Structure formats: C-alpha cells, structure tokens
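Q: Take this sequence and fold it.
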Amino acid sequence: MKILARQLTLDLYNCNEKKLTDIDAIKNLLSAFFSHEPNFSAEHTAHDHSTIIGAFREGHVALHVYSALRYVAADIFTCTENSNPEALEKILRKFFQPDKIKSTFLKRGDFGQEHEVTPKIKTRVAPLRRVKNVGAKVVKTLIRRGN
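A: All right, here's what the predicted structure looks like:
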C-alpha cells in the first residue's frame, strides 16, 4: 500500500521534571537521532511553555513542552515510505520518562483504501503508575467497606 507520509502524535503525561526545563538537552537529543541535523529552533512562549521545531527534507518534528503540567506534546511527520517514527517515540519515552503515553498514528495521503481513515491510538501506562492506581482503588474499597 503506497502512502505519502506518516504522522505520529504523542502525549507524554507526568514527565520527569528535570528533563522538561533543559531545552538544550532536548535539542541535542533530537539532533543525535537524525543522520543529518535539521534546523531546530526553540522558543519559550511562556514561563512554563517551550516549543522546539525541527524541519528537514523528509518531514518535521515539533515538541511543545509544558514544564508546570509535566506534559509534552510531540508531532513527528515523515514523508518517506520506509520511515520509522516509532523509533523516535522510544527515545523520547526514555528521555522524558512519562507515567502515561497516548500515541496516535496516521497514514497521510493513503490513496489505496479511502474507507480506512480511523487513526490507530495506543495508550501506555508505566508499571509504577499501574501499581499506584491499583493501590488507590484498594484503599477506596477498604474505606467504603469500613463505613
């Protein structure tokens, strides 16, 4: 199936606070991932919001970092058929160490099957977060039974 491009969007929740404020480290991480360095620009749009955008021949990467919310929104757009945006997702996940990730994968310019326009959405929760969630549910249940 021929497609023009792939787009992966990521929502990274409850990220490591120390990593969110080091914009130079984020730019270096992105530069190291690509074989040739895209032209990255970073801007602080508010005291707790930074934007990092990298444009290159085969697509672009955009990250919006909200340090106060411990949240990162990432868009990875690639224009080559054999690209692997999921590889960058793994690197971002390792760097930011989020508790929860929501990823949405879109095939852009898919002229083969017009009826399949629904994006693929995955949600991953870190194992430690799962333990905390189960513990909280157990405590709530025990409190209800005690009343």
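Q: ranges for the helices of this protein?
A: Secondary structure of the chain (DSSP state H): helices at 17-20, 23-33, 85-96, 127-146.
Q: what's in contact with the second one?
A: Spelled out, it's helix 23-33. 19, 37-38, 40, 42, 44, 50, 52, 54, 61, 63, 65, 87-88, 91-92, 95 (C-beta atoms under 8 Å, 6 or more residues apart in numbering). C-beta here means a position set from N, CA and C on the backbone, and glycine is covered the same way.
Q: Low-confidence regions, the protein specifically.
A: Within the chain, the set of residues satisfying pLDDT under 70 comprises 1-3, 35-38, 110-119, 128-131, 147.
Q: switch to 90 and redo it
A: Flagging of the chain using pLDDT under 90 yields the residue ranges 1-7, 21-24, 27-48, 54-59, 78-88, 105-147.
Q: Name the nearest residue to Thr78, ignoring sequence neighbours.
A: Spatial nearest neighbour of Thr78, chain neighbours left out: Gly59 (4.1 Å); criterion: C-beta to C-beta, 6 or more residues apart in numbering.
Q: so the one you found touches Asn84, yeah?
A: No - at 11.8 Å, Gly59 and Asn84 do not qualify as touching, with contact defined as C-beta atoms under 8 Å.
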